[in-house]
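Asker: need a structure here:
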Amino acid sequence: MPIKIYLDTNFLLIPAQFKVDIFEEIERLMDKPYELYVFDKSLKELEDLEKKGGKLKQEVKLTKILLKSKALNIVPLPFGAKTVDEGLLSLTDSIVATQDMALKRQLAAKHTKMIVLRQKKYLMMVN
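Answerer: Predicted coordinates:
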């Protein structure tokens, strides 16, 4: 059974912000079959960011183009979760890819495996 990797909204922006191919990097990190998941609410968050305009608008546009070319499973938030962070915190037996510092601390406290960006150059798995 493939490992589920959930991508947080801010993680999806890494290719546009830091020119790091997160999909190639995840492939490099994983030695077992995996599937990529995104909560539908993350896509809504991207839409909201795009509406704000500025530099972020261009980054979101690039991100949306990239996401269309990838095989992502788009799923609703788990029952009872109101935010993407709550949804990610409720996961068990999954890996969470995020850049959110507060979320990383909470996930670490739960001993959830994470994929994070290091030195704005590459991804790393942390436990």
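Asker: Could you list the buried residues of stretch 65-77?
Answerer: For stretch 65-77, the neighbour count (16 or more other Cβ atoms under 10 Å) marks 67, 72, 77 as buried. Just so you know, the C-beta spots here come from the backbone N, C-alpha and C atoms, and that holds for glycine as well.
Asker: Need the distance between the two termini of it.
Answerer: End-to-end distance for stretch 65-77, by Cα to Cα, to the nearest Å: 23 Å.
Asker: pLDDT of it, averaged?
Answerer: The average pLDDT for stretch 65-77 rounds to 88.
Asker: For that stretch, give me every contacting residue.
Answerer: 7, 12, 15-16, 23, 35-41, 43, 83-84, 86-87 (Cβ atoms under 8 Å, 6 or more residues apart in numbering).
Asker: what helix or strand is residue 120 on?
Answerer: For residue 120, there is no enclosing helix or strand under DSSP states H and E.
Asker: Likewise for residue 37?
Answerer: Secondary structure assigned from DSSP H and E places residue 37 in strand 34-39.
Asker: before we move on, what about residue 125?
Answerer: Going by DSSP H and E, residue 125 is part of strand 122-126.
Asker: Report the mean confidence score over that strand.
Answerer: Computed over strand 122-126, the average pLDDT equals 96.
Asker: what lines up beside that strand in the sheet?
Answerer: strand 114-118 (antiparallel) (DSSP bridges).
Asker: Identify each buried residue in the strand it pairs with, please.
Answerer: 114, 115, 116, 117.
Asker: Please put the alpha-carbon coordinates of that strand into PDB.
Answerer: The C-alpha atoms that make up strand 114-118 are tabulated as PDB, following Å, rounded to 0.1, in the frame of the first residue of the first chain:
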ATOM      1  CA  MET A 114       7.500  15.500   7.700                       C
ATOM      2  CA  ILE A 115       9.100  16.700   4.500                       C
ATOM      3  CA  VAL A 116      10.600  20.200   4.800                       C
ATOM      4  CA  LEU A 117      12.700  22.600   2.700                       C
ATOM      5  CA  ARG A 118      16.300  23.000   3.800                       C
END
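Asker: Great, nothing more from me.
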